[in-house]
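Colleague: sequence and predicted model, in that order:
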Amino acid sequence: MTDDTPVAGDGTSVSGTLVREVATPHGPARVHLRRAAAPRAAIMLGHGAGGGVTAKDLVLAADVALAAGLSVALVEQPYRVAGRRAPAPARQLDAAWTAVAAHLRETD
């Protein structure tokens with residue numbers, strides 16, 4: 001499923017951010033896309049264990065990447081989308097990350 005609704009992680013509208021739910025082998029991941037005006041490249045960034053895409057360090061990294069001309073995909077892992085705080089096993093995280101990367105390559 002792809003949903004290009006412009007919302008932030010807390011459900012509020014944010015100009016220039018598209019949120020997509022992407023199917024993975026372990027449930028849906030949520031991708032917050034911020035496109036550079038004239039992108040030179042793209043980068044995927046993920047949150048730490050127990051964190052989210054609104055963490056200050058992740059937001060700062062995304063802002064710096066955008067300023068450098070990179071489009072940014074902030075990825076919420078399926079366990080966070082499901083409302084859990086404890087991370088899934090590494091192999092599940094890797095499978096979800098790979099599925100999101102493949103989806104973004106195919107659609108963007």
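Modeller: Everything's here; your move.
Colleague: list the contacts of residue 92.
Modeller: Residues near residue 92 by CB atoms under 8 Å, 6 or more residues apart in numbering: 25-26, 78-79. C-betas here are computed from N, CA, C, even on glycine.
Colleague: how does it look with 10 Å?
Modeller: 24-27, 77-79 (CB atoms under 10 Å, 6 or more residues apart in numbering).
Colleague: that one: which element?
Modeller: helix 90-107 (DSSP states H and E).
Colleague: please apply the same query to residue 79.
Modeller: Element membership of residue 79, judged by DSSP H and E, is helix 78-81.
Colleague: stretch 84-93: end-to-end distance?
Modeller: End-to-end distance for stretch 84-93: 13 Å, by CA to CA, to the nearest Å.
Colleague: with stretch 59-78 instead?
Modeller: 19 Å.
Colleague: list the buried residues of that stretch.
Modeller: Buried residues in stretch 59-78, counting neighbours by 16 or more other CB atoms under 10 Å, are found at 62, 65-66, 70-78.
Colleague: neighbours of residue 89, how many?
Modeller: Applying other CB atoms under 10 Å, we find 10 residues neighbouring residue 89.
Colleague: in space, what's closest to the residue nearest the centre of the chain - neighbours in sequence excluded?
Modeller: Centroid check for the chain by CA atoms, centre = their mean gives residue 75 as the closest residue, at 2.1 Å. Take residue 75 and drop its neighbours on the chain: the residue closest to it by CB to CB, 6 or more residues apart in numbering is residue 46, 4.7 Å away.
Colleague: I'd say that neighbour and residue 74 touch.
Modeller: Yes. Using CB atoms under 10 Å, residue 46 is in contact with residue 74, at 7.6 Å.
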